[in-house]
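**Q** Sequence below, structure please.
(one chain, ligands or ions: 2)
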Amino acid sequence: HKYVYDFSEGNKDLKDLLGGKGANLAEMTNLGLPVPPGFTITTEACKAYLATGRQPDGLAGQIEAHLESLERAMGKRLGDPQDPLLVSVRSGAKFSMPGMMETVLNVGLNDQSVVGLSAQAGGNDRFAWDSYRRLIQMFGKTVCEVPGEEFEHALDEAKSAKGTHNDLDLDADDLRGLVDAYKKIFLKHTGREFPQQPREQLDLAIRAVFESWNAERAILYRRQERIPTDLGTAVNVVTMVFGNLGPDSGTGVAFTRDPASGAQGIYGDYLANAQGEDVVAGIRNTVPLQELEQLDKTSYDQLLGIMARLEEHYKDLCDIEFTIERGKLWMLQTRVGKRTAAAAFVIAGQLVDEGLIDLDEALHRVNGAQLAQLMFPRFQLDHEFQPVAKGIGASPGAASGTVVFTSARAVEMAAEGKSVILVRRETNPDDLNGMIAAQGILTSRGGKTSHAAVVARGMGKTCVSGADEIEVNVPAKRFTVAGQTVNEGDVVSIDGTTGKVYLGEVPVMPSEVVQYFEGSLDPEHIDNALVRAVHRIMTHADGKRRLAVRTNADTGADAARARRFGAEGIGLCRTEHMFLGDRRELVERLILARAEGERETALEALLPLQRADFEEIFREMDGLPVTVRLIDPPLHEFLPPLEQLAVNVAVAQERGEDVAKEEALLAAVRRMHEENPMLGLRGVRLGLVIPGLFAMQVRAIAEAAVACARAGGVAKPEIMVPLVGAVQELETVRAEAEKIIAEVVGDSGVEVLIGTMIEVPRAALTAGQIAEAAEFFSFGTNDLTQMGWGFSRDDVEGAFFWRYLELGIFGISPFESIDRDGVGRLVRIAAEEGRAARPGLKLGVCGEHGGDPDSVHFFHEVGLDYVSCSPFRVPVARLEAGRAVV
Ligand code: PEP
Ligand code: MG
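**A** Ligands and ions are numbered 1, 2, ... in the order given. Below is the predicted model:
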């Protein structure tokens, strides 16, 4: 079994086996770039080690052989007292896990070879002893679990003895003394001397890197980033090169384009006379990479040449790490670099222009989450506004509002029409009402999966979490930051994309990309690389996709906006939304009516209102299909709350007022009260129980369509029955509806389809029967998830999902992204059995999942005809539907 690959034996496609770093080092080696020689121990070896607790058979021999050939190539031996070869031992998994696993530098140094190293470095004692103390420190901490603070403490003592804060002021003697101190620490904690045998150092370091795969922070990181737990890490053994050998040495990082904007140019930082870890530790400030041109023009030119070569080879933005050792350039790492959402689009467009990739590939390189980010409103920032703190951009958006510290206060002030920012140390389920009422949420603790972050994302609400510079004092109703005090009532602004917090109200504006979708920016005539790239890629996605994209809209204005955003019809018009506000009373009367007369009066009043609603929507959606769902109110949303009604009646009675009417209402509400309204009298059940309700709606839809046709338009109504679980329910509604439609439509040429939602598991499982009575299905994945998992959609997200996410029971809320295995299976069954019973059955989805990128791919795979989502997600769904094809 081959466990060890020389850099010359691998390539960039072997990331599974060699990890990202190893595969790319191999690729660069094969391109003839200056990579320090070395070899990679495979992830297979790591997995075998982790499974058995010992190195697999044959590994030791293979390491030995590769080490020997490395020594031959370098003309040095590992740890040789006169002229030592030194190596670094670096982790490198398939997916980048920055800082999560271990690295040991300078392996091969000991009491003898430190002298040899000094001689080699031209008598540079300081450098040699500094390298040795770094080895003991890193080795002690990562290989032998010596507490890192002990070393840091000793280093601080050495500095204070010297009267300095700067490592660079320590001379060779100081560092020699520090090595002695470090060795004592090592002995105290491990019960043994620091190992002097270079080969033993190497083996122990390799083992430590293997084991670091299961370090607690690595496990946590994988869980958050949804990286599989069983991949293991590769180990790279690389010849050491030194950037700290003097002014003609140094180290740096660079990007081949600007990872923030995508602009072409030179982007990077350089630090002369330093090693990589100094850059990370921020001991000294880096200079822009361009300054290297003055310092070392040869290396600079060579570096630019290599960067161009890498871009052309990887056909993408690359980031690199390099070191210059006494005027000689070495490439230590490269990979396809991370970038912002805007840069992703811009770069993809540029690469097409440069002929490096085609438009299909460009479509691959961007995604819906990035597009969604580009659609959030943004702050109109000028120099007046400087952030006072920076936390984690937990849920994107830009929000300004009055600071409040409690949920109750948030609710109160929101009710007064104020926009508020709820500020907490961290949130918990008791804060839910406040979070709903707030414009944005700011916490001083917690990461991307904290309660605040998860719940805010679920609500689409702006949230900055973990802004730890902020000191929150809830009882005193204030927070302090950067020496300033912010009291309840003051205004702050938070940017949920960047995590930045500003004092005062920063004005917001729609993003350029939204202006483009709205039609107010013409991509052909403006000089805006981002808008042009978005336009080009969206056009390509539209040409490719098989899924149609509709929108969920209940008003003419929403429908019109969605149409501008590219919607090809309405997939869900929730008619109960048309019964809120002034009309609520009419619905209330209807629901509570006991005499037929009362009911008919209420229905007669509603009919013209409904007809006007539909006329407006049909007008906006002229020529496109419009799915109108018959009313589906959980009753509690329409009736006055029982407790409050009871109190009102009691108070009125006390005052001696006439309460006959209120008492009747109270009695009726009591009668209708449900413990579980979501599982109660809603959807088709309500239509079957309240005579005339569905009939009125069907009539309004048909009359509106006919009116539209008479006015020269084309209305394509699709009547959808909610919450069906049995074909008999649908048949009953259908029989009545068909009669009304026939009567209204006459010879107007209007065609009305009748179909159903699939949102009760039983409907999915009896789809073959239900399809007999339905011309289309639309999957209501919100309810299908609720009833499939038995999770109350109104309660669970704030109550315990954060814990489920923490435990990894699911990586994302199943209300946000379709649960492929369970709920998705119901969708698959219903699609297959529905189509088997009625070929040509139209299939769509109108739950929230219709606008979720990953779910869109699933619906494409299952073969649905369209997805339907809220207007702002229409472009995201278009893009992802295109990506699902290429
Ligand atoms: C659904 O359940 O997925 C759906 C679209 O209906 P509603 O969200 O209105 O219950
Ligand atoms: Mg539903």
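
**Q** Around Asn528, how many other residues sit close by?
**A** 17 (other Cβ atoms under 10 Å). Where C-beta positions appear, they are placed from N, C-alpha and C, glycine not excepted.

**Q** Sorry, slip of the keys, the one I care about is Gly246.
**A** 17.

**Q** dump the residue contacts of the closest residue to it other than its chain neighbours.
**A** Computed as Cβ to Cβ, 6 or more residues apart in numbering, the closest residue to Gly246 that is not its neighbour in sequence is Asn273, at 6.1 Å. Residues in contact with Asn273 (Cβ atoms under 8 Å, 6 or more residues apart in numbering) are 243-247, 249-250.

**Q** I'd like these laid out as TSV, including pLDDT.
**A** What follows is those, written out as TSV (pLDDT from 0 to 100):
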residue	pLDDT
Gly243	93
Asn244	88
Leu245	89
Gly246	87
Pro247	90
Ser249	95
Gly250	95
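
**Q** need these in JSON lines with secondary structure, can you?
**A** Below are those laid out as JSON lines (DSSP: H, G, I helix; E, B strand; the rest coil):
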{"residue": "Gly243", "secondary structure": "coil"}
{"residue": "Asn244", "secondary structure": "coil"}
{"residue": "Leu245", "secondary structure": "coil"}
{"residue": "Gly246", "secondary structure": "coil"}
{"residue": "Pro247", "secondary structure": "coil"}
{"residue": "Ser249", "secondary structure": "coil"}
{"residue": "Gly250", "secondary structure": "strand"}
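
**Q** Got a PyMOL select line for the buried ones in those residues?
**A** Here is the PyMOL selection string for the buried members of the contacts of Asn273, based on 16 or more other Cβ atoms under 10 Å:
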select buried, resi 243+244+245+246+249+250
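
**Q** near ligand 1 at all, stretch 827-842?
**A** No: Stretch 827-842 does not reach ligand 1 (Cβ under 6 Å from any ligand atom); its nearest approach is 11.3 Å.

**Q** Dump that stretch to CSV, keeping only the CA atoms.
**A** Output of stretch 827-842 as CSV, limited to C-alpha atoms (Å, rounded to 0.1, in the frame of the first residue of the first chain):
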residue,chain,number,x,y,z
VAL,A,827,-42.0,14.6,-2.4
ARG,A,828,-40.4,12.0,-4.6
ILE,A,829,-43.1,9.4,-3.9
ALA,A,830,-45.9,11.8,-4.6
ALA,A,831,-44.2,13.1,-7.8
GLU,A,832,-43.7,9.6,-9.2
GLU,A,833,-47.1,8.2,-8.2
GLY,A,834,-48.9,11.3,-9.2
ARG,A,835,-47.4,11.3,-12.6
ALA,A,836,-48.0,7.6,-13.0
ALA,A,837,-51.7,8.1,-12.4
ARG,A,838,-51.9,11.2,-14.6
PRO,A,839,-49.1,11.7,-17.1
GLY,A,840,-48.6,15.4,-17.6
LEU,A,841,-49.6,16.3,-14.1
LYS,A,842,-48.0,19.7,-13.4
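
**Q** Let me see the contact set for the nearest residue in space to His364 that is not next to it in sequence.
**A** Of all residues not flanking His364 in the chain, Val886 sits nearest, at 6.2 Å (Cβ to Cβ, 6+ apart). The contact partners of Val886, taken as Cβ under 8 Å, 6+ apart, are 360-361, 363-364, 544.

**Q** Most widely separated two among the residues you listed?
**A** Maximum pairwise distance in the contacts of Val886, criterion Cβ to Cβ, is 12.2 Å, between Glu361 and Lys544.

**Q** Determine how far stretch 478-488 lies from the middle of the whole chain.
**A** On the basis of Cα atoms, centre = their mean, to the nearest Å, stretch 478-488 sits 30 Å off its chain's mean C-alpha point.

**Q** what does it rub up against?
**A** Contacts for stretch 478-488 (Cβ under 8 Å, 6+ apart): 388-389, 402-405, 409, 423, 444, 467, 469-473, 477, 492, 501, 503.

**Q** Now with 7 Å, please.
**A** 388-389, 403-405, 423, 469-473, 477, 492, 503 (Cβ atoms under 7 Å, 6 or more residues apart in numbering).

**Q** Let me know the average pLDDT across stretch 394-403.
**A** Stretch 394-403 shows a mean pLDDT of 91.

**Q** And for stretch 588-596?
**A** On average, stretch 588-596 scores 81.

**Q** Give the buried residues for it.
**A** Residues of stretch 588-596 classed as buried: 588-593 (neighbour count, 16+ other Cβ under 10 Å).

**Q** Go through those and name the one nearest ligand 1.
**A** Checking the buried residues of stretch 588-596 against ligand 1 with Cβ to the nearest ligand atom, the nearest one is Ile591 at 17.8 Å.

**Q** Next one: that closest one relative to Asn648, how far apart?
**A** For Ile591, the distance to Asn648 equals 19 Å [Cβ to Cβ, to the nearest Å].

**Q** From the contacts of stretch 478-488, pick the one nearest ligand 1.
**A** Val404 (29.8 Å).

**Q** Quick one: residues contacting the closest one.
**A** 410, 413, 420, 422, 488.

**Q** how close does Val587 sit to ligand 1?
**A** Val587 sits 16 Å away from ligand 1 when distances are taken as Cβ to the nearest ligand atom, to the nearest Å.

**Q** Pro625 pairs with what?
**A** Lys716 (DSSP bridges).
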